[in-house]
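Engineer: Coordinates for the following, if possible.
(one chain, ligands or ions: 2)
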Amino acid sequence: MIELQRITLREIRLPLKEPFRISSGVEHERRICLLELANGDGTIGWSECVAGENPNYSAETIDTAWLAMREWLAPRVLGKPIAKPDDLPALFERGICGHNMAKAAIEMGCWDVVARQQRVSLSALLGGARDRVPTGISIGIQSSPDALALRARAAFDQGYRKVKVKIEPGADVEYVRAVRHELGPSVHMMADANSAYTLADAAHLAELDAFNLIMIEQPLSRDDLIRHAELQKRLATPICLDESIISVERAEDMIAIGAGRIINIKPGRVGGFTISKGIHDVCQKSGIPVWCGGMLESGVGRAHNVALASLPNFSLPGDLSPSSRYWARDIVSPEWTMDDEGMVHVPRDKPGIGVSVDMDFVDSITVRHEELQPRAPSR
Ligand code: OSB
Ligand code: MG
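Structural biologist: Ligands and ions are numbered 1, 2, ... in the order given. A predicted model of the protein is given here:
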């Protein structure tokens with residue numbers, strides 16, 4: 001049973017070690033919204049809202065999510081008894097369109113609360129089955145094919161199990177060719193276009209078939225399910241959808257019309273763990289592999305992703321790099337590390353998310369802070 005008494009929102013600033021460029025924008029520093037959820041029984045849960053600073057990946061931003069949580073979502077849960085976190089999507093859906101990342105942040109924090117109440121790991125509560133999950137790296141667009149090949153080589157030598165490179169028109173075929181040439185034929189490689197192409201680029205994208213990529217992620221626009229199905233017919237490389245998949249129904253549609261053969265599940269994008277599990281189950285029944293994507297999360301959001309990635313049908317390496325790939329210092333202890341086989345360990349022996357938040361460090365980088373409490377009954 002959950003009955004939240006307070007949700008504390010904090011905005012922190014974390015500079016990235018290297019700028020992260022994708023087809024729709026570049027980030028040097030992350031503005032991250034953390035949630036601390038205080039339950040009536042004294043249990044504290046943590047989560048992270050993955051909305052970015054700008055509306056380039058999705059319509060949501062940290063500022064719209066903050067507003068949505070304060071004005072519409074938190075009032076639905078604060079001081080109200082909730083039997084289980086699975087009930088939250090329905091509670092949030094009625095009369096509140098979209099805002100999946102804001103909804104997810106509260107829902108995922110509630111999963112942490114319940115895991116800690118039951119003294120089980122978040123992984124176990126979600127139905128996870130593995131102690132270690134394979135790790136991939138997502139490399140931003142670089143200045144030249146050679147620069148990208150060098151960066152990819154360094155990543156592969158560190159142990160990563162999958163190398164994903166960001167592409168856009170003008171930085172695609174030659175860039176991928178350079179990386180494939182550098183890494184050799186057997187390394188798991190893929191490209192992510194973040195919607196930079198249209199169906200008119202089909203013949204150009206088909207040139208990527210020569211490089212034996214395990215998939216090409218989100219080549220077309222988020223709403224282009226039909227066009228993705230058409231493109232898939234013209235490509236040998238499997239299409240993986242990211243931005244397009246925002247619900248269980250959208251995943252079913254992708255499968256039904258052949259708009260893709262793989263799904264990148266990001267719990268923030270779809271509205272939380274309940275819906276992520278729903279997509280995972282639908283895909284498992286249809287033989288569609290899934291993997292856990294990333295949004296350059298801090299150690300808190302990473303904990304949630306690692307727990308989700310321990311579910312059985314997460315059969316491909318996720319974008320789950322260790323803390324040191326992103327930050328000079330992460331906000332959790334222990335920090336997330338990768339072993340020399342490219343695996344991240346799932347803290348299944350600890351309750352909840354399995355890492356503790358370094359409060360002194362968080363306080364020192366907090367630029368905004370708001371406490372949400374049950375509204376006084378209106379007279
Ligand atoms: O498309 O997967 C993406 C980061 C921000 C926005 C979109 C994407 C990404 C990544 C980062 O690829 C993966 C990571 O967190 O390491
Ligand atoms: Mg992507």
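Engineer: Quick one: end-to-end length of stretch 67-76, please.
Structural biologist: End-to-end distance of stretch 67-76 (Cα to Cα, to the nearest Å): 14 Å.
Engineer: Now do the buried residues in it.
Structural biologist: Neighbour counts over stretch 67-76 (16 or more other Cβ atoms under 10 Å) mark 68, 69, 73, 74, 76 as buried. Placement of C-beta: from N, CA and C, glycine included.
Engineer: And the third one, how far from residue 339?
Structural biologist: In this view, residue 73 and residue 339 are 38 Å apart by Cβ to Cβ, to the nearest Å.
Engineer: picking that back up, just the buried residues of stretch 67-76 now: which is nearest ligand 1?
Structural biologist: Nearest to ligand 1 among the buried residues of stretch 67-76: residue 68, at 19.2 Å, using Cβ to the nearest ligand atom.
Engineer: For that closest one, grab phi and psi.
Structural biologist: Phi and psi for residue 68, reported as degrees, to the nearest 10, are phi -60, psi -40.
Engineer: was I right about it contacting residue 104?
Structural biologist: No: between residue 68 and residue 104 there is no contact under Cβ atoms under 8 Å: 11.0 Å.
Engineer: hmm, stretch 181-196 in reach of ligand 1?
Structural biologist: Yes: counting by Cβ under 6 Å from any ligand atom, ligand 1 is contacted by stretch 181-196 at 192, 194.
Engineer: no wait, stretch 166-177
Structural biologist: No: judged by Cβ under 6 Å from any ligand atom, stretch 166-177 stays clear of ligand 1, getting no closer than 7.0 Å.
Engineer: Which residue is it, in the stretch 1-150 of the chain, that comes closest to ligand 1?
Structural biologist: Closest contact between the stretch 1-150 of the chain and ligand 1, by Cβ to the nearest ligand atom, is at residue 138 (3.6 Å).
Engineer: Same question for the chain.
Structural biologist: Among the residues of the chain, residue 294 lies closest to ligand 1, at 2.4 Å counting by Cβ to the nearest ligand atom.
Engineer: Helix or strand for that residue, just tell me which one.
Structural biologist: Counting by DSSP states H and E, there is no helix or strand that carries residue 294.
Engineer: avg pLDDT for the longest strand seen in the chain?
Structural biologist: When the chain is parsed with DSSP state E, its longest strand is strand 4-22. In this model, strand 4-22 has an average pLDDT of 97.
Engineer: Tell me the buried residues in it?
Structural biologist: Buried residues in strand 4-22, counted by 16+ other Cβ under 10 Å: 4, 6, 7, 9, 10, 11, 12, 14, 16, 20, 21, 22.
Engineer: Quick check: next helix or strand after it?
Structural biologist: strand 25-39.
Engineer: Off-centre distance for that next one?
Structural biologist: A distance of 13 Å separates the centroid of the chain from that of strand 25-39, by Cα atoms, centre = their mean, to the nearest Å.
Engineer: List the pairing partners of it within its sheet, with orientation.
Structural biologist: Strand 25-39 pairs in its sheet with strand 4-22 (antiparallel), strand 44-49 (antiparallel), by DSSP bridges.
Engineer: Any part of the longest one near ligand 2?
Structural biologist: No: interface with ligand 2: strand 4-22 contributes nothing (Cβ under 5 Å from the ion), its closest point being 7.8 Å away.
Engineer: any low-confidence regions in the stretch 251-379 of the chain?
Structural biologist: Residues of the stretch 251-379 of the chain that meet the criterion pLDDT under 70 lie in 377-379.
Engineer: For this structure, which residues are neighbours of ligand 1?
Structural biologist: 22, 57, 138, 192, 194, 242, 293, 294, 295, 296, 319, 321.
Engineer: So which of those residues is the closest to ligand 2?
Structural biologist: If you rank the residues of the chain next to ligand 1 by distance to ligand 2 using Cβ to the ion, residue 242 comes first, at 3.6 Å.
Engineer: Got the confidence number for the closest one?
Structural biologist: For residue 242, pLDDT reads 98.
Engineer: my read: it touches residue 266, true?
Structural biologist: Yes: counting by Cβ under 8 Å, residue 242 does reach residue 266; the two are 7.1 Å apart.
Engineer: more crowded one of the two?
Structural biologist: residue 266 (28 against 22; other Cβ atoms under 10 Å).
Engineer: What separation is there between the nearest residue to that one once chain neighbours are set aside and residue 78?
Structural biologist: Nearest non-adjacent residue to residue 266, counting by Cβ to Cβ, 6 or more residues apart in numbering: residue 293, 4.2 Å away. From residue 293 across to residue 78, the span is 30 Å (Cβ to Cβ).
Engineer: for residue 332, same thing?
Structural biologist: 26 Å.
Engineer: same thing with residue 29?
Structural biologist: For residue 29, the distance to residue 78 - Cβ to Cβ - is 31 Å.
Engineer: what's the neighbour count on the closest residue to residue 343 other than its chain neighbours?
Structural biologist: Nearest residue to residue 343, sequence neighbours excluded (Cβ to Cβ, 6+ apart): residue 132, at 4.0 Å. Neighbours of residue 132 under the rule other Cβ under 10 Å: 16.
Engineer: same check, this time on residue 353
Structural biologist: Neighbours of residue 353 using other Cβ under 10 Å come to 30.
Engineer: who's in contact with it?
Structural biologist: Counting by Cβ atoms under 8 Å, 6 or more residues apart in numbering, residue 353 touches 46, 112, 115, 122, 300, 303, 304, 307, 347.
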